[in-house]
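Asker: need coordinates for the below:
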Amino acid sequence: MQRIIKNGQIIDETWHLLPKDATLEGLSNCDDLIVPLELWSEHAHALKARDGGLGVWLEAGEEIEEIADQLDNFQVIALNFPAFTDGRHSSTAYMLRTRYGYKGEIRAIGDVLRDQLFALRRCGFDAFALREDKDPQDALQAFTEYSEVYQASSDQPLPLFRRRA
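Answerer: Alright, predicted model coming up:
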């Protein structure tokens with residue numbers, strides 16, 4: 001069973017992340033599922049009728065604006081990082097928190113490494129599925145490596161100079 005970091009703690013994963021080529025065939029009615037955006041777009045009505053929890057995941061090239069008016073349907077929004085150097089979804093998480101006021105879980109998936117966690121949390125992520133070869137216990141230290149931040153972000157809307165004035 002995979003373990004993830006959520007709200008600064010390591011927990012057992014309870015959600016099932018469906019692959020990009022998933023179909024509705026054979027899906028459990030009561031499992032908590034994170035479905036690819038394409039599956040949601042094609043079968044939203046059937047997915048909403050299920051009893052289990054519902055989340056959606058987006059590839060790096062997919063835009064949150066496609067489902068911005070449907071965010072209330074999702075308990076989890078997972079954003080895929082195909083490579084640790086691809087930071088496009090940092091902006092997506094920030095927009096979810098600030099522009100759209102999304103209060104649910106925003107999870108980083110894919111090529112997620114310890115070095116990214118502090119910055120990703122500042123953008124609005126609150127859950128992290130690290131790459132399989134990385135230790136979540138070691139990664140927790142990323143959240144305590146800096147005692148203060150200068151820039152404003154979703155977790156601290158005022159820059160340091162405004163907080164000190």
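Asker: not counting sequence-adjacent ones, nearest residue to Phe128?
Answerer: Ile5 (4.5 Å; C-beta to C-beta, 6 or more residues apart in numbering). Just so you know, the C-beta spots here come from the backbone N, C-alpha and C atoms, and that holds for glycine as well.
Asker: what's in contact with the host helix or strand of the one you found?
Answerer: In this structure, Ile5 sits in strand 3-6 according to DSSP states H and E. With contacts defined as C-beta atoms under 8 Å, 6 or more residues apart in numbering, strand 3-6 is touched by 10-13, 105, 107, 117, 126-130, 136, 139-140.
Asker: what do you get for stretch 48-59?
Answerer: Contacts of stretch 48-59 (C-beta under 8 Å, 6+ apart): 15, 17, 20, 27-37, 40, 47, 64, 67, 73-80, 82, 89, 92, 105, 107, 109.
Asker: so how do I select the buried members of those residues in ChimeraX?
Answerer: Listed next is the ChimeraX selection for buried residues among the contacts of stretch 48-59, using 16 or more other C-beta atoms under 10 Å:
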select :15,17,27,32,33,34,35,36,37,40,47,64,67,74,76,77,78,79,80,89,92,105,107,109
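Asker: now intersect the contacts of stretch 48-59 with the helices, please.
Answerer: Among the contacts of stretch 48-59, the members falling in helices (DSSP state H) are Leu37, Trp40, Leu47, His89, Thr92.
Asker: before we move on, the earlier item: quick check: mean pLDDT of the strand holding Ile5?
Answerer: The average of the pLDDT scores along strand 3-6 is 96.
Asker: quick one: stretch 3-18 to chain centroid distance?
Answerer: Its chain's average C-alpha position is 11 Å from that of stretch 3-18, according to C-alpha atoms, centre = their mean, to the nearest Å.
Asker: per-residue pLDDT, the residue most central in space within the chain?
Answerer: For the chain, Arg107 is the residue whose C-alpha lies nearest the centre (C-alpha atoms, centre = their mean; 1.9 Å). We have a pLDDT of 98 for Arg107.
Asker: mind listing what it touches?
Answerer: Per C-beta under 8 Å, 6+ apart, neighbours of Arg107: 4, 6, 34, 55, 76-79, 125-129.
Asker: look up how far Arg163 lies from it.
Answerer: 29 Å (C-beta to C-beta, to the nearest Å).
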